[in-house]
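Trainee: sequence and predicted structure are below.
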Amino acid sequence: MAWMRRPDTPTARRGRSGRATASLAAALLAAGGLSAAALAPGTALADGRAGAAAADDFNGDGFADLVAGAPGGTVSGKAGAGYVAVTHGSEKGLAPAPGTVVSRSTAGVPGTATAGEGFGETFAKGDLDGDGYSDLVVGSATAKPGAVILWGSPKGLTGGTAVAGFGHTPQTGDFDGDGQTDLALFGPAEVGGDDPVTQEARLLKGPLTREGTPAEQLDFLDRSQWWGYDSDGPACADDDSCVDGPTSVGGPVRPKAVGDVNGDGSDDLVTWLYEGDGVWAHHLFTGSATGFRDAQEAGPIGSVGDDAAVGIGDVDGDGYDDVVTGSGEATAEVTVRYGSASGLGGREDAFDQSLPGLHGAQEKGDHFGSCVAVADVTGDGRAEIALGISGEDFSGLTDAGSLALLRGTASGVTGEGSQVMHQNTPGVPGVAESGDEFGAACALLDTDGDGHRDLVASAPQENDAAGAVWALRGTGEGLTVEGASAFGPGHVDGPVAKARFGGFLR
Ligand SMILES: [Ca+2]
Ligand SMILES: [Ca+2]
Ligand SMILES: [Ca+2]
Ligand SMILES: [Ca+2]
């Protein structure tokens, strides 16, 4: 048969309520206009300040801790085995220290260093065992070696639990809305000819034991919602015969970002999903008590490699998280799709660097939105948007890269008051060079616990692909270069050559 794009019509089925009842928390969110992030339990500091988001804090001291992936690093003589470096926050922000590198060769971490594994290519943070200390799930460039869970403690991350076969972009969130952090895991993603191929996936309901055993395994995405699956026949509705997809998704996906877009108290997941016939598109999978539902398209369609960086946060402060998509191969625009009780599909903004108030010129190959991070820097309850522009040229340099911070307002994103910086900005460490690709990855974390998210951005190609990370503090006025710092693999005693340090940041 000819594969066609599946329409986005959720099918009502007997015996299952399609939508979870809105929780009290969700009602409060809507009524109070607070963002889910604002309500997320933080770690209280001794002086009464709120402290960092709990998911960002491995050692429970109220300061967000940064994880920088170095998937190209040579470990135990194995080129490209990869590692992650954990840098703890402090009153003065990030404090890189030797001895915080974790790889397959670290004592207690399962597995052995393998050439080309790319350990640390992706990872996710969240308190999976519910002990109050956030944990880290490390994935690899290839899914086969599986994931590793490292457990938070007052001394930081310890130990390691192997999760076999699911090393492909792990994601954490409260997907079923019960207040516990859950873990979504993905097996290898492949496409065979025209046909969507099933990709194994697991939705592990928290809390997890230290052996990695979940409280329950939820249906990931029921089979009636797979692309191309014959779900509309009467048998499906009568006997639930197609509601049996507990361990897979129909088309391969690349999961991108987590947030509560429809404000129902369950975290939702944006994925880059193969729809068949060479067509991919961003989709919003909404979380529910029973697993995900493939709710709707969440961005432009494309083909392999066209996917863009995605970040989620409440830009307009209305209590519904908003989806920000960077430019991909097909478009030069960044898009903000605003969440609502019905998810996406309502208001959206699309813009390039010609946005009024934004400093910079739009040119081909800029890669506007090479990285996307969405969180509240200024402290007004509305999220700012950090956008990498890793292909930006300036001062005669090619692909030196820059980074923009755009303000969130009650009416959405604006270019007014935006900031743009690069390595030649006074006060920012380093010297811009062609090919650095500054802004390839970024994150917004409250590393100094003052209630303002701080920017961390990387240039993985810096110094012949050794890579480096920059940290700029957030204030009520936005980002400041005061106290700006930069560090690379050498500062944490990590392997340097071709490490691509900072290739992924959380
Ligand atoms: Ca901490
Ligand atoms: Ca924990
Ligand atoms: Ca939701
Ligand atoms: Ca919003």
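Mentor: Received the coordinates, thanks. Residues are numbered from 1 along each chain as shown. Ligands and ions are numbered 1, 2, ... in the order given.

Trainee: quick check on the residue in the stretch 101-250 of the chain that ligand 3 sits nearest to: phi, psi?
Mentor: Closest residue of the stretch 101-250 of the chain to ligand 3, C-beta to the ion: Gly177 (7.3 Å). (C-beta placed from N, C-alpha, C; glycine too.) Comment: the main-chain dihedrals of Gly177 come out as phi 70, psi 20, following degrees, to the nearest 10.

Trainee: let me see the contact set for the residue nearest to it when sequence neighbours are not counted.
Mentor: Distances taken as C-beta to C-beta, 6 or more residues apart in numbering put Ser266 closest to Gly177, at 3.6 Å, once the chain neighbours are dropped. Contacts for Ser266 (C-beta atoms under 8 Å, 6 or more residues apart in numbering) come out as Ala20, Asp174, Phe175, Asp176, Gly177, Asp260, Thr286, Gly287, Ser288, Ala289.

Trainee: pull the number of nearby residues for the third one.
Mentor: What that stands for is Phe175. Burial measure for Phe175: 31 neighbouring residues, criterion other C-beta atoms under 10 Å.

Trainee: would you agree Gly111 is in contact with Pro145?
Mentor: Yes - counting by C-beta atoms under 8 Å, a contact exists between Gly111 and Pro145, whose distance comes to 6.3 Å.

Trainee: more neighbours: which of those two?
Mentor: Of the pair Gly111 and Pro145, Pro145 is the one with more neighbours under other C-beta under 10 Å, namely 23 against 17.

Trainee: could you look up the SS state of the more buried one?
Mentor: Secondary structure, DSSP: H, G, I helix; E, B strand; the rest coil: Pro145 is coil.

Trainee: check the gap between it and ligand 2 for me.
Mentor: Relative to ligand 2, Pro145 is positioned 23 Å away (C-beta to the ion, to the nearest Å).

Trainee: coming back round to it: now the residue nearest to Gly177: how far from Arg254?
Mentor: Shown here: Ser266 relative to Arg254, a distance of 21 Å by C-beta to C-beta, to the nearest Å.

Trainee: re the thing from before, just the pLDDT at the residue nearest to Gly177, thanks.
Mentor: Looking at Ser266, its pLDDT reads 97.

Trainee: quick one: it is in a helix?
Mentor: No - Ser266: not assigned to a helix; according to three-state DSSP it is coil.

Trainee: ok, now how distant is it from ligand 4?
Mentor: Separation of Ser266 from ligand 4 (C-beta to the ion) stands at 16 Å.

Trainee: may I have the phi/psi pair for that residue?
Mentor: Here is the backbone geometry of Ser266 (degrees, to the nearest 10): phi -110, psi 130.

Trainee: got it, and Lys125?
Mentor: Given degrees, to the nearest 10, the pair of backbone angles that Lys125 has is phi -110, psi 150.

Trainee: please apply the same query to Gly490.
Mentor: phi -60, psi -30.

Trainee: so what's the residue count around it?
Mentor: Other residues near Gly490 come to 16 when the count uses other C-beta under 10 Å.

Trainee: ok, back up a step: who wins for neighbours among the contacts of Ser266?
Mentor: In terms of neighbours by other C-beta under 10 Å, these top out with Phe175 at 31 neighbours.

Trainee: give me the nearest residue to that residue, chain neighbours excluded.
Mentor: Spatial nearest neighbour of Phe175, chain neighbours left out: Gly287 (3.8 Å); criterion: C-beta to C-beta, 6+ apart.

Trainee: shouldn't the one you found be in contact with Gly173?
Mentor: Yes - applying C-beta under 8 Å as the test, Gly287 and Gly173 come out as touching, 7.1 Å apart.

Trainee: joint contacts of the two?
Mentor: When contacts are counted by C-beta under 8 Å, 6+ apart, Gly287 and Gly173 are jointly contacted by Asp267, Leu269.

Trainee: for the residue of the stretch 301-450 of the chain found nearest ligand 2, name its beta-bridge partners.
Mentor: Across the stretch 301-450 of the chain, no residue is closer to ligand 2 than Leu445, which sits at 17.5 Å (C-beta to the ion). As for beta bridges, Leu445 partners with Asp454 under DSSP bridges.

Trainee: pLDDT score for the residue positioned nearest the centre of the chain?
Mentor: Closest residue to the average C-alpha location of the chain: Ala257 at 4.2 Å, with C-alpha atoms, centre = their mean. Here, the pLDDT recorded for Ala257 equals 97.

Trainee: got a list of what it touches?
Mentor: Contacts were defined as C-beta under 8 Å, 6+ apart; by that measure Ala257 touches Leu269, Val270, Val310, Gly311, Ile312, Val323, Val372.

Trainee: which of these fall in strands?
Mentor: When strands are assigned by DSSP state E, the members of the contacts of Ala257 inside them are Leu269, Val270, Val310, Gly311, Ile312, Val323, Val372.

Trainee: can you report how many residues neighbour the last one?
Mentor: Yep, that's Val372 we're talking about. The burial count assigned to Val372 is 24, neighbours taken as other C-beta under 10 Å.

Trainee: over to the fifth one?
Mentor: Using other C-beta under 10 Å, Ile312 is surrounded by 32 other residues.

Trainee: separation between it and Leu355?
Mentor: From Ile312 across to Leu355, the span is 20 Å (C-beta to C-beta).

Trainee: got it, and the last one?
Mentor: Remark: distance between Val372 and Leu355 (C-beta to C-beta) = 15 Å.
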